[in-house]
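Participant: pasting the sequence and the predicted coordinates here, then a few questions.
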Amino acid sequence: MIGNISTKSVYLPCINNMVKEEVNNYQERTSLLTMDKAIRKAQIIREKYSKEASLKLEAKGNWSLYAGSSVDTINRTMPILTGNGSGSFFLSVSTYSRVYFELVCGNERLILTERHLPMAGGYNFRDLGGFRTMDGRYTKWGKLFRADELSNLTADDLKYLSSIPITSVIDFRAQSEARRSPDKLPSTVHFTYPIAITPGNLSSEGIQANMLKTNIDSHMKHMNRLLVSNPACVRAFRIFFAIVQNNLSAPLIFHCSAGKDRAGMATALVLFALGVDEATVMDDYLMSKIYLSDKYDAFIAKYPRAESIFTVKRMFLQAGINQIKRDHGSIMNFLTKELKVDVVRMRRLYLE
């Protein structure tokens, strides 16, 4: 497990317009389909506090949207919404439970749900579904989730997560940090796995130690190198993949304090194992800067020198990726030889 944040989180009423635009631009890039398709862009958005859902769509022609409590239970006999062309559309669906959608336009079909989960007590809570792989497949929705700390989740948040239903939780924080800010877990969780990864510690002690560094950017790059080269970290990620590859583990949350460093590297490694390209992996990593802005902006305003500790930069993850390639020749070598990832099994479990 690894460091819990002892700096107080400041909950702001909403994401500002600039942040919303950046989030939308990213979601549009990751949902971008072939330009000659009838469905060009499609995404589900849930409001953080009300959990109300909407569909943002760019499409040509008539379309229908179907819904269900899981991908397998989508009711394809009666659409919840029909339309023609592009627009933003309010969806009259439950705000207490997760819903999965199938969008049908002509002979095209697309499975959808929200990438960024509407956690009133969380910030960087995301589904790893919906990413296109280099061989044209898609990662499954509703199986693997990355998150920041779970200690502030509300009763409604927990009810929402229970509807998925979350079965397992992996906590990358240190034991002392987890004791200070224990996870609040949905009632459906049967398995919890504390896997300590020390680099990335965001406890008050960890923050103070990091702020003493002469060059914090250099320190953050070094930390990302350690995540993939330090024997204890490598061992932790090997255990992480052993759990993920157990078909009884998912739906599964893995998290740290901010969901950007330890959980960020874990996400990158999972997506690489599933065949997602490096540019997409980096785009996803960089979204932590947007999703965490409300959480840490007040602290950064007070202590500007700490900014790099509480954000992400391309050079940070790139340092880790470059370290893997230097040490192992390729990311796939690192995954299969060092972390003992069964790529065939991973793709059978987590790709459509």
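Facilitator: Looks like it arrived, so ask away.
Participant: just the C-alphas of stretch 280-298, formatted as CSV.
Facilitator: C-alpha atoms of stretch 280-298 as CSV (Å, rounded to 0.1, in the frame of the first residue of the first chain):
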residue,chain,number,x,y,z
THR,A,280,-2.7,6.5,-26.3
VAL,A,281,-1.2,5.3,-23.0
MET,A,282,0.5,8.6,-22.6
ASP,A,283,-2.6,10.6,-23.4
ASP,A,284,-4.5,8.6,-20.7
TYR,A,285,-1.7,9.2,-18.2
LEU,A,286,-1.7,12.9,-18.7
MET,A,287,-5.4,13.2,-17.9
SER,A,288,-4.6,12.9,-14.2
LYS,A,289,-3.4,16.5,-14.5
ILE,A,290,-7.0,17.5,-15.4
TYR,A,291,-8.9,15.2,-13.0
LEU,A,292,-6.7,16.1,-10.0
SER,A,293,-6.8,19.8,-10.6
ASP,A,294,-9.7,20.4,-8.1
LYS,A,295,-8.1,18.2,-5.5
TYR,A,296,-4.7,19.8,-5.3
ASP,A,297,-5.0,23.3,-6.8
ALA,A,298,-5.5,25.0,-3.5
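Participant: which parts of that stretch are buried?
Facilitator: For stretch 280-298, the neighbour count (16 or more other Cβ atoms under 10 Å) marks 280-281, 284-297 as buried. (C-beta placed from N, C-alpha, C; glycine too.)
Participant: and stretch 48-60, by the same measure?
Facilitator: Result for stretch 48-60 [16+ other Cβ under 10 Å]: buried residues Lys48, Lys51, Ala53, Leu55, Lys56, Leu57, Glu58, Ala59.
Participant: repeat for stretch 133-148
Facilitator: 133, 137-148.
Participant: ok, of those, which one's closest to Ala266?
Facilitator: Arg146 (7.2 Å; Cβ to Cβ).
Participant: from memory the closest one sits against His255, does it?
Facilitator: Yes - shown here, Arg146 and His255 form a contact pair, counting by Cβ atoms under 8 Å, at 6.9 Å.
Participant: now for the two: what residues contact both?
Facilitator: Ala263 (Cβ atoms under 8 Å, 6 or more residues apart in numbering).
Participant: what's the mean pLDDT across the helix or strand hosting Ala178?
Facilitator: Element membership for Ala178, per DSSP states H and E: helix 175-180. For helix 175-180, mean pLDDT is 88.
Participant: what's the answer for stretch 236-246, then?
Facilitator: On average, stretch 236-246 scores 98.
Participant: ditto for stretch 196-209
Facilitator: Here the average pLDDT along stretch 196-209 is 66.
Participant: adding secondary structure, pLDDT and distance to Asn215, write the buried residues of stretch 48-60 out as TSV.
Facilitator: Shown next, in TSV, are the buried residues of stretch 48-60 (DSSP: H, G, I helix; E, B strand; the rest coil; pLDDT from 0 to 100; distance: Cβ to Cβ, whole Å):
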residue	secondary structure	pLDDT	distance to Asn215
Lys48	coil	97	35
Lys51	coil	98	42
Ala53	strand	98	44
Leu55	strand	98	45
Lys56	strand	98	41
Leu57	strand	97	45
Glu58	strand	97	43
Ala59	strand	96	48
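Participant: any chance of TSV for the residues you listed, columns distance to Gly87?
Facilitator: As requested, the buried residues of stretch 48-60 are exported to TSV (distance: Cβ to Cβ, whole Å):
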residue	distance to Gly87
Lys48	22
Lys51	21
Ala53	15
Leu55	8
Lys56	8
Leu57	6
Glu58	9
Ala59	9
